[in-house]
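[1] Pasting the sequence and the predicted model now:
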Amino acid sequence: MFCAVAVALAVLVALLPESNAALGLVLYLGVLWLLSMPGHLDGWTLAAAVDLYVLHLACTLLSLGPPGHRPDGALLGLWWRRSVLCLGAAVLVWAAARVVAFLHLPPSGAAVGLALVLLLGWLAILTGRLGGERRRDGS
């Protein structure tokens, strides 16, 4: 079930690459990972998440054109804002994992289900807003 939701979000990312679906997918996978990790998360986990994101961002920017192509400032500004949001979300998930591990809370299927429903609802609202803005712009 959880993997099917991740695959559905990945398909949404592929179909709507300009939407916030990628952020929702990263958050979903982060929360899923947070809930399935048996041990505590140290600083190396956060460093690995940042490293993975930097690698992904570099590959994305390199795929925008042939060698020597320079993206314009507006595109780099957009990716800067996206980077801050994604890395901020990674830090928040890591901090939440530290708090949950510190409190030694028992696992709760209802809490996981509620969190996932809230996350998917937020993602649907953001995707709808982005689609509405795109239709108004005529693109």
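    Happy to help now that I have it.
[2] how about the lengthiest helix in the chain: buried residues?
    The residue-count maximum for a helix in the chain (DSSP state H) belongs to helix 73-103. Within helix 73-103, the residues scored as buried using 16 or more other Cβ atoms under 10 Å are 86-87, 89-90, 93-94, 97-98. No exception for glycine: its C-beta is placed from N, CA and C like everyone else's.
[3] tell me the domain boundaries of this structure?
    Listed domain ranges for the chain are 1-36+110-139, 42-105 (source: automatic domain parsing).
[4] right, so those: which one is the most enclosed?
    domain 1-36+110-139 (a mean of 14; mean count of other Cβ atoms under 10 Å).
[5] any idea of the mean pLDDT for it?
    For domain 1-36+110-139, the mean pLDDT works out to 76.
[6] ok so, going back, ok now the longest helix of the chain, how far from the chain's centre?
    Centroid separation for helix 73-103 versus its chain: 8 Å, with Cα atoms, centre = their mean, to the nearest Å.
[7] packing partners for it?
    Helices and strands touching helix 73-103, by 3 or more Cβ pairs under 8 Å, 6 or more residues apart in numbering; DSSP states H and E, are helix 21-36, helix 43-62.
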